[in-house]
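>>> need coordinates for the below:
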Amino acid sequence: QVQLVESGGGLVQTGGSLRLSCTASGESISNYAMGWFRQAPGKERQTLAAISPSGSATFVNFSLKDRFSISKDDIENTMYLQMKNLEPEDTALYYCAAVRATPMGLLTDSARYDHWGKGTRVTVAS
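Residues are numbered from 1 along each chain as shown. Take a look at the predicted model:
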């Protein structure tokens, strides 16, 4: 059973950058497909990015491809979301999630994930 903890959120000015971390414990993330999601007040949860267990397959939401990128470090057992040129519309609670998958498994549907962190809040000031 893997446990996930997000960190790196905070208050940032428009145009700023943040790197979110999702640190896993209990099992190696090399066995898990992982993803980043966010939810803003009054809005549905949005899929931001996903990465396969092998790390060789990645997905980034088309609308965010120019600003967000996903990566992971199996030795650190941590997944990252690098965000740049942040906008007020990026303000939300950001979550990471994981699910066991085959090495090239890439899942973009949040309903497929069965392990979730508690989230880290990102606030972008205008």
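
>>> excluding sequence neighbours, find me the nearest residue to residue 43.
Of all residues not flanking residue 43 in the chain, residue 92 sits nearest, at 7.7 Å (Cβ to Cβ, 6 or more residues apart in numbering). Placement of C-beta: from N, CA and C, glycine included.

>>> kindly provide the distance from the residue most central in space within the chain to residue 126.
By Cα atoms, centre = their mean, the chain has its centre lying nearest to residue 36, at 2.3 Å. Taking Cβ to Cβ, to the nearest Å as the measure, residue 36 falls 23 Å from residue 126.

>>> follow-up on the earlier one: show me the contacts for the residue nearest to the centre of the chain.
By Cβ atoms under 8 Å, 6 or more residues apart in numbering, the residues touching residue 36 are 20, 22, 47-50, 70, 79, 81, 94-97.

>>> which among the residues you listed end up buried?
For the contacts of residue 36, a burial check counting by 16 or more other Cβ atoms under 10 Å picks out 20, 22, 47-50, 70, 79, 81, 94-97.

>>> out of those, list just those in helices.
Using DSSP state H, no member of the buried ones among the contacts of residue 36 falls in helices.
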